[in-house]
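# need the 3D shape of this:
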Amino acid sequence: MRILLASLLAVSIAHAEPVPLFDGKTFTGWEGDIGTVWRIEDGALVAGSLDKKQEKNNFLATTKKYGDFELTLKWKLEGTEGFVNGGVQFRTERIPNHHEVSGYQADLGKGYDGALYDESRRKKMLAQPSPEVLAKAQKPLGEWNDYRIRAQGNRIQIWLNGVQTVDYTETQGVVLQDGKSMVIEPTGIIAVQIHGGATSIVSYKDLMIEELGKK
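Sure thing, here's the model as predicted:
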């Protein structure tokens with residue numbers, strides 16, 4: 001009986017039930033420029049305007065850190081001018097006394113949908129879908145898209161509208177950026193982004209997260 005109970009407990013710890021990351025009504029569990037950049041509209045986290053350019057990158061972040069997880073959400077991007085772009089950060093940290101963050105990003109925007117970028121750290125694309133794969137997954141600007149992001153151990157996978165676009169294995173523990181050593185952290189905040197320099201609106205909703213056991 002004890003062995004059976006221990007086994008059931010281990011399974012429950014390894015695979016927790018998905019829970020909402022955003023309640024659709026309040027900013028509970030989130031921090032950032034609330035009320036000035038970020039707002040809630042029709043159950044979505046929204047930033048930006050089609051009448052005024054976003055000055056710089058801005059991130060709304062969870063107050064809790066996550067390590068191994070599977071995150072699902074919907075996102076929509078609208079824009080008329082500039083670099084119309086956003087992203088979903090994970091295993092990320094805010095840079096002290098700066099508007100930027102540092103960590104992995106599931107990118108979104110023309111030419112970047114479904115890609116994995118390393119924000120402010122290596123400052124480069126780590127993996128992205130081929131044009132053929134992207135053509136199968138991509139929707140027109142202004143439509144809702146589905147993202148599924150899975151981070152377990154050193155493996156990161158991304159699906160865009162049900163099509164897998166990234167299957168990346170991290171091989172580095174420490175990287176050198178601008179003369180400084182930066183650790184590839186296995187945990188961090190989750191954040192949503194609006195990119196600066198564009199007349200655009202980005203929306204995120206139906207964020208659900210399942211914390212996973214180590215593999």
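
# off-centre distance for stretch 168-175?
18 Å (CA atoms, centre = their mean, to the nearest Å).

# excluding residues flanking it in the chain, which one is nearest the spatially most central residue of the chain?
With distances taken as CA atoms, centre = their mean, residue 88 lies nearest the centre of the chain, 2.0 Å away. Spatial nearest neighbour of residue 88, excluding adjacent residues (CB to CB, 6 or more residues apart in numbering): residue 106 at 4.4 Å. Yep, even glycine has a C-beta here, placed from its N, CA and C like the rest.

# now do the phi/psi pair for residue 132.
Main-chain torsions, residue 132, degrees, to the nearest 10: phi -70, psi -40.

# okay, now it: neighbour count?
Neighbour count for residue 132, taken as other CB atoms under 10 Å: 7.

# same question, residue 55
10.

# which ones are touching residue 71?
21, 88, 90, 147-150, 190, 207-210 (CB atoms under 8 Å, 6 or more residues apart in numbering).

# returning to that earlier point: what's next to whichever helix or strand the residue nearest to the centre of the chain is part of, contact-wise?
In this structure, residue 88 sits in strand 85-94 according to DSSP states H and E. With contacts defined as CB under 8 Å, 6+ apart, strand 85-94 is touched by 59, 61, 66-67, 69, 71, 73, 75, 77, 101-110, 112, 117, 119, 147, 149, 151, 185-195, 198, 200, 202, 204.

# among the residues you listed, which ones are buried?
59, 61, 66-67, 69, 71, 73, 75, 77, 101-109, 112, 117, 119, 147, 149, 151, 185, 188-195, 198, 200, 202, 204 (16 or more other CB atoms under 10 Å).

# check the gap between the residue nearest to the centre of the chain and residue 157 for me.
13 Å (CB to CB, to the nearest Å).

# which residues do those two both contact?
Contact criterion CB under 8 Å, 6+ apart; residues shared by residue 88 and residue 157: residue 149.

# pLDDT below threshold where in this structure?
1-15, 214-215 (pLDDT under 70).

# make it 50
Scanning the chain for pLDDT under 50 picks out 5-6, 8-9, 11-13, 215.

# so which of the buried ones among the contacts of strand 85-94 are in helices?
Within these, no residue falls in helices by DSSP state H.
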